[in-house]
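S.K.: Below are the sequence and a predicted model for it; my questions follow.
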Amino acid sequence: MSEFKLLLLANPELSFIKENISKTDLNRLINWFNKYCTNNKFNKDQIIEIFIWLFTEARRVADYNNPEFDENFEKKAEEFGIEKNNLITMFFYHNNVLEDEGFIRKPEMHSIDNKRGSFIVFEGLDGSGKSSQINELSKKLRAIGKMVSVTAEPTNGATGGLIRDTLSNNYKRNATELAALFLADRISHNLNPMNGIQKFLNEGINVICDRYYYSSFAYQGVEADMKWIMESNLNCKHITKPDLCIFLDVDVNQCKERVDQERASLEIFESNYEIMAKVRQSFFEVFRILKDSEKIEIIDANKSFSNVSEEIFKKVIHLL
Ligand code: TYD
C-alpha cells in the first residue's frame, strides 16, 4: 500500500476517502494542488502534509468569521510556503475538487441536474410548532430523494450570540439596534462560504430556514420603524429572497401555553400574551404589505400535526 493511502487510512477523519486511489488519481490531485501554488511546486510528501491539514485541523477552526481562522491560515501558509489566499481557496474548494475527481464519495445531498435549490422560510409565533414541522418536512423531502439543509435565525455565529444576549434579557438593546443586528446576522447567514444559504442554493440544495426577514419586520417593526427595517432588508442584494414563506398560524393562547410548558426560561418576546398578540397582528400587516411581491402561505396550524404537515408538503412539493 502506498504511503499516501496509509496516511489517509491511518487518519480516522479521512476514512470516507476511497481506499483505492490510483496513480493517475494521485497525479491529478498533485496537479490540482500545484495549480494553486504558482511560486512553489510541491513534492508528494509536502502535498500530503497540506492535504491532511486541510482535512483535519483546518476543518476544526472552520468558522470563517472567527479571527482565528485568518491567523491560523496565515501561520500555516507561511509554514507551507503558499500564499495565504491560495491556501484559503484550496480549503474552500478541496471538497468539491475531491468529489469531482472521485477521491471522496459524493454525499447523498448532491445536485444531479445543476438546478438551483429552493429557499423556503417558516415563520410563526414562538410556540407555533415551526421546528417540529420543519423537521417533519425535511424528513419527508429527504425520503423522496430531495436534498435539504435546515437552518435558522438568529444564527449560531458571533452576531447571533449578541442577539441571543438581548433575547434572553441579559443585555438590553433597543428595537432599532436589534433590527440592525438581525440584518447583519442575515447577511452573514447568506454569505458564509462554509454553510451559508447562498452556497447551498447554488449547489442545488434546498434550504429550509426557521425565521427570516419577516420576523424582523413583525417583531422589531412593533417598536422600531418598520419601513426602514423592510427597506434595509429587501434592498440588500446579499439577502436572498425566499421562494416561499410558510406562516404557521396558531391561536396566541395556545402558543403562550406551549412556551410556558416547554421553555426553562422565557425570552423577551415570549414573556406575555399581549406582546405575542401584537406580533401576530404585526405579521399580518407585513403580509398585507408584501402580498404582491412575495409568495406567502398562511396555514391554519391549530389543526392536527399530521394535517398541518400534509398541507405544508403540498405547498412545498411543486416548488422543488
Ligand atoms: P426562535 O425561533 O424562537 O428561536 P428559539 O426556538 O431558538 O428560541 O427565535 C428566537 C426569537 O427571535 C423569537 O422570539 C423571534 C425573534 N426574532 C426577531 O425578533 N427578529 C428576527 O429577525 C428573527 C429572525 C427572530
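M.R.: Here it is on my side, so go on.

S.K.: Around the ligand, which positions in the stretch 201-320 of the chain sit nearby?
M.R.: 210-211, 215-216, 219-220, 267, 269 (C-beta under 6 Å from any ligand atom). (Each C-beta comes from the backbone N, C-alpha and C, glycine too.)

S.K.: Just put the residues you listed in JSON lines and tack on neighbour count and pLDDT.
M.R.: Formatted as JSON lines, these follow (neighbours: other C-beta atoms under 10 Å; pLDDT from 0 to 100):
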{"residue": "210", "neighbour count": "18", "pLDDT": "97"}
{"residue": "211", "neighbour count": "21", "pLDDT": "98"}
{"residue": "215", "neighbour count": "23", "pLDDT": "98"}
{"residue": "216", "neighbour count": "27", "pLDDT": "98"}
{"residue": "219", "neighbour count": "26", "pLDDT": "98"}
{"residue": "220", "neighbour count": "24", "pLDDT": "98"}
{"residue": "267", "neighbour count": "14", "pLDDT": "93"}
{"residue": "269", "neighbour count": "18", "pLDDT": "94"}
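
S.K.: mind listing the helices in the stretch 201-320 of the chain by residue range?
M.R.: Using DSSP state H, counting those that start in this stretch, the helices of the stretch 201-320 of the chain run over 213-219, 226-234, 252-262, 273-290, 305-317.

S.K.: Buried deepest among those helices, which one?
M.R.: Using mean count of other C-beta atoms under 10 Å, the stretch among these with the largest mean neighbour count is helix 213-219, at a mean of 26.

S.K.: Which neighbouring elements make contact with it?
M.R.: strand 119-124, helix 175-191, helix 226-234, helix 273-290 (3 or more C-beta pairs under 8 Å, 6 or more residues apart in numbering; DSSP states H and E).

S.K.: right, and these - which one's nearest residue 298?
M.R.: helix 273-290 (6.9 Å; C-beta to C-beta).

S.K.: how big is the angle separating that closest one from helix 226-234?
M.R.: 60 degrees (axes from the mean of the first three to the mean of the last three C-alpha atoms, to 10 degrees).

S.K.: Residues touching helix 273-290, excluding its own?
M.R.: 123, 125-126, 214, 217-219, 221-222, 226, 230, 247, 249, 252-253, 255-256, 268-270, 296, 298 (C-beta atoms under 8 Å, 6 or more residues apart in numbering).

S.K.: at 7 Å instead, please
M.R.: With contacts defined as C-beta atoms under 7 Å, 6 or more residues apart in numbering, helix 273-290 is touched by 123, 125, 214, 217-219, 221-222, 247, 252, 255-256, 269, 296, 298.

S.K.: what about residue 202, how many neighbours?
M.R.: The burial count assigned to residue 202 is 13, neighbours taken as other C-beta atoms under 10 Å.

S.K.: ah, wrong one, I meant residue 47
M.R.: Count around residue 47 with other C-beta under 10 Å applied: 20.

S.K.: give me the element it is part of.
M.R.: Per DSSP states H and E, residue 47 falls inside helix 44-55.

S.K.: One more: residue 151?
M.R.: Using DSSP H and E, the element containing residue 151 is strand 148-152.

S.K.: Give me the helices and strands touching that strand, please.
M.R.: When contacts are defined as 3 or more C-beta pairs under 7 Å, 6 or more residues apart in numbering; DSSP states H and E, strand 148-152 sits against helix 130-143, strand 206-210.
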